[in-house]
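A.B. asks: Sharing a sequence plus its predicted fold:
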Amino acid sequence: MSVPVHERIIDLLEAEGIDTLFGIPDPGFIHMAMKCEQRNWKVIAPKHEQNGGFMADAWSRMTGKPGVCFGTQGPGVTNLASAMIVAKKEATPTIFFGGNRSRTANQRARVGRIQFMDQIEHFRPLVKYAAIIEEPDQTDEIIREAIRQCTTGKPGPVYVELPLSVIHETFNWPPLMQPEQYRMVEQAASGTMINKAVELIKAAKQPVMLVGQGMFTSRSHAAVAALAEKLDCPILQTSGCAMTIKGQEDRTFAYGFSPAGRAAASESDLCIAIGTELGEPVHMGIGRHWEKGDANRKWIYLDRDASAMGVNRPIDAPLVGCMRDILPQLSEALGADYQREGTSEFADWKVMQKEWKAKLLDEVPTGGSPVHPARLIVEATKVIPDNAIYAADGGSTTIYGWTYSQYKPEDLVWNQNTGQLGTGLPYAIGAALATDATRPVVFVTGDSSFMFSLNELETAVRKKLPIVTVVACDYAWGLEVGVWKKQIGPDSPETEAQWGNWVRFDKIAEGFGAHGEYVENEADIAPTVEAAIERAMAEKKPVVIQVPVDAYANAMDAPNYEEFKSWYTDFKAGYGADAEDAY
């Protein structure tokens, strides 16, 4: 069959189950966008290519398939760079297509060529794989290699350049291959290491499961739950995977950010780490809450990245492969009849968790004007329905959310490893599209972060997405104000740390075609959020709720700040163990 290169690429992506395309259609990609729409794909033009990349990232996390985004030659492609970096750091399989002028332009000995540069050399360091389709007959092998690279080993982004001289060329294509014919679609762990893991589990008295974002991006929630029930042990959330599997609420504790999580880590004699880098936010599995008993604690590590095994700490049973395959494999190897009985300490930690949560709730400041950030989080999250997707963004607002959220999301989209601001609304859009707008998305953010991408409200309105955004407004760079005060003193100049308190996001939202609400009284927050979610689902229309918050508390009283600060291990030796004394 003879079709243009752009249509063959669509065929290859469809074979992978991909049906969504993000990008601003330009002369190089309008035919691809048109053909995708004719095939009933979702085609989404963001207001900024960077945000299209973030949308593709979130779509991938929610589906377990590579997200796809494109940018036009020159400015469109350069706008994708931030999204590439985030996707690489967050290990999200994302395919970036870049347009460019014809390949003849590449060798011209001329200056002043408009919208032309050697794009691939700029982007090669940002991605796992970069290639240019220079001739039509290279299309299949390059697209398949791109998919192979972004889904094999540690997932990540790839970049494929489509020059104008080739994207519309036709070719007599061979029959399509199915994914299993050209790449690994399943990857179980070594049988030897599985047997070793089984031995360690059966010998353990106090096992814990440390669960990272790899569970979420592989969509392995149910498999993690099945193993946790078999072991009757705690699930420790990493900050990058601060979500709770339905039915596992009582056994789920935040590592580092809850007393029960700290105790479970410290007292464990076996840690089963699943889809986490074992990086600084979990103190490399060595320092801080792991120091006690480190010499005798055993480690089982499930991850896609073989090169990560044993880097940050020794691993007793490395299980390399896909979570979707290893977790059932491990459960099966334990035997259908195997069932541990939870320890008395585990029972005590469950009680500790409930009492701590209740105490936290009792101590949340109330009656303040503006509203205390902790009270905002409590009120905004206690009415979120069970099926909602949670999106996060922003500094202090997210830190408050780790501790005070009353909602336990099964699906959470945000970036922990990069700390990139402005991803929240694009992530919310990508997640809503991945679920065909059948689930509400609640996005809680700070005002400075929201300003990065609020232009995508138009995209959310145009695509009829039920996204409710709650904006905590201190009209400042909150965490930065805290740094000024802590490092310089209470009378620090706080140069350019504040901005206009006259900004009205509710009015801006209405200008974009969304619904806006402005709430100052804490008693009105929960009813407003609840009504907004109902309205967003009924009307398929986004809602923005602006809530002014106490600026001093937002800057200075963020909970568990010492734990957050302990992630940065360059302050002191000991993997953050003494970081609270750093400054």
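C.D. replies: Received it, and whenever you're ready, just let me know what you need.
A.B. asks: ok but residue 95 is inside a strand, no?
C.D. replies: Yes - assessed with DSSP: H, G, I helix; E, B strand; the rest coil, residue 95 lies in a strand.
A.B. asks: Do I have it right that it meets residue 145?
C.D. replies: No - using CB atoms under 8 Å, residue 95 is not in contact with residue 145; the gap is 11.3 Å. All C-beta atoms are positioned from the backbone trio N, CA, C, and that covers glycine.
A.B. asks: higher neighbour count, those two?
C.D. replies: residue 95 (28 against 17; other CB atoms under 10 Å).
A.B. asks: who touches the more buried one in this structure?
C.D. replies: With contact taken as CB atoms under 8 Å, 6 or more residues apart in numbering, residue 95 is in contact with 13, 56, 66-69, 146-147, 150, 157-158, 160.
A.B. asks: ok, and the closest non-adjacent residue to residue 227?
C.D. replies: Nearest residue to residue 227, sequence neighbours excluded (CB to CB, 6 or more residues apart in numbering): residue 331, at 5.3 Å.
A.B. asks: now swap in residue 12 and tell me
C.D. replies: residue 143 (4.7 Å).
A.B. asks: How about residues contacting stretch 238-249?
C.D. replies: Counting by CB under 8 Å, 6+ apart, 90, 210-213, 215-216, 221-222, 224-225, 228-229, 235, 237, 252, 254-257, 275-276, 281-282, 386, 390, 402, 408-412, 416-417 sit against stretch 238-249.
A.B. asks: pLDDT weak spots in the stretch 1-150 of the chain?
C.D. replies: Scanning the stretch 1-150 of the chain for pLDDT under 70 picks out 101-117.
A.B. asks: Do you have the strands of it handy? List them.
C.D. replies: Using DSSP state E, counting those that start in this stretch, the strands of the stretch 1-150 of the chain run over residues 2-4, 20-22, 42-44, 67-71, 94-100, 129-132.
A.B. asks: same check, this time on the stretch 151-300 of the chain
C.D. replies: 157-163, 170-172, 207-211, 235-237, 252-254, 270-274, 298-303.
A.B. asks: want to try TSV for those strands, with mean pLDDT and distance to residue 52 as columns?
C.D. replies: Shown next, in TSV, are the strands of the stretch 151-300 of the chain (pLDDT from 0 to 100; distance: least, CB to CB, whole Å):
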stretch	mean pLDDT	distance to residue 52
strand 157-163	96	13
strand 170-172	94	28
strand 207-211	98	30
strand 235-237	97	30
strand 252-254	96	32
strand 270-274	98	31
strand 298-303	98	29
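A.B. asks: For residue 196, find the nearest of those.
C.D. replies: strand 298-303 (8.2 Å; CB to CB).
A.B. asks: Any idea how far that closest one is from the middle of the chain?
C.D. replies: How far strand 298-303 lies from its chain's middle: 22 Å, per CA atoms, centre = their mean, to the nearest Å.
A.B. asks: Sort out which residues of stretch 123-138 are buried, please.
C.D. replies: 123, 126-133, 136, 138 (16 or more other CB atoms under 10 Å).
A.B. asks: and the closest residue to residue 198 other than its chain neighbours, what element?
C.D. replies: Spatial nearest neighbour of residue 198, chain neighbours left out: residue 333 (5.1 Å); criterion: CB to CB, 6+ apart. Per DSSP states H and E, residue 333 falls inside helix 323-334.
A.B. asks: Run through the residues that contact residue 422.
C.D. replies: 51, 54, 393, 449, 451-453.
A.B. asks: hmm, which two among those are most spread apart?
C.D. replies: Across those, the longest distance by CB to CB is 15.2 Å; it joins 54 and 451.
A.B. asks: out of those two, which sits in the more crowded spot?
C.D. replies: residue 54 (35 against 17).
A.B. asks: Distance of that one relative to residue 398?
C.D. replies: Here the criterion is CB to CB, to the nearest Å. By it, residue 54 lies 16 Å from residue 398.
A.B. asks: Next, the contact list for residue 274, please.
C.D. replies: By CB under 8 Å, 6+ apart, the residues touching residue 274 are 209-212, 214-215, 224, 302-303, 323, 327.
A.B. asks: Could you rerun that using 10 Å?
C.D. replies: Residues counted as contacts of residue 274 (CB atoms under 10 Å, 6 or more residues apart in numbering) are 209-215, 218, 220, 223-224, 227-228, 235, 238, 241, 300-303, 319, 323, 326-327, 330.
A.B. asks: for residue 275, same thing?
C.D. replies: Counting by CB under 10 Å, 6+ apart, residue 275 has contacts 91, 210-218, 220, 224, 238, 240-241, 301-305, 322-323, 326-327.
A.B. asks: In the stretch 401-550 of the chain, mark out all the helices, start to finish.
C.D. replies: 424-434, 447-453, 457-462, 478-487, 505-512, 525-539 (DSSP state H, counting those that start in this stretch).
A.B. asks: could you turn the second one into CSV, dropping everything but the C-alphas?
C.D. replies: Backbone C-alpha positions of helix 447-453 (Å, rounded to 0.1, in the frame of the first residue of the first chain) are rendered in CSV as follows:
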residue,chain,number,x,y,z
ASP,A,447,-0.8,31.3,42.1
SER,A,448,2.8,31.7,40.8
SER,A,449,2.8,28.2,39.3
PHE,A,450,-0.7,28.7,37.8
MET,A,451,0.6,31.8,36.0
PHE,A,452,3.0,29.7,34.0
SER,A,453,0.3,27.9,31.9
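A.B. asks: how about the single longest helix found in the chain: buried residues?
C.D. replies: Taking DSSP state H as the criterion, the chain has its longest helix at helix 344-363. Within helix 344-363, the residues that count as buried by 16+ other CB under 10 Å are 345-346, 349-350, 352-353.
A.B. asks: What is the nearest of these to residue 377?
C.D. replies: Sorting the buried residues of helix 344-363 by how near they are to residue 377, with CB to CB, puts residue 353 at the top with 17.9 Å.
A.B. asks: Give me the pLDDT value at the nearest residue to that closest one once chain neighbours are set aside.
C.D. replies: For residue 353, ignoring the flanking residues on the chain, the nearest one in space by CB to CB, 6+ apart is residue 260 at 4.1 Å. Note on residue 260: pLDDT of 97.
A.B. asks: contacting residues for residue 260?
C.D. replies: Contacts of residue 260 (CB under 10 Å, 6+ apart): 234, 236, 251-254, 346, 348-357.
A.B. asks: at 8 Å what do you get?
C.D. replies: Contacts of residue 260 by CB under 8 Å, 6+ apart are 234, 253, 349-350, 352-353, 356.
A.B. asks: Roughly how far does it sit from residue 367?
C.D. replies: Per CB to CB, residue 260 is found 30 Å from residue 367.
A.B. asks: same thing with residue 325?
C.D. replies: 53 Å.
A.B. asks: and what of residue 356?
C.D. replies: 23 Å.
A.B. asks: any idea how far the residue nearest to residue 353 lies from residue 235?
C.D. replies: Distance from residue 260 to residue 235, by CB to CB: 11 Å.
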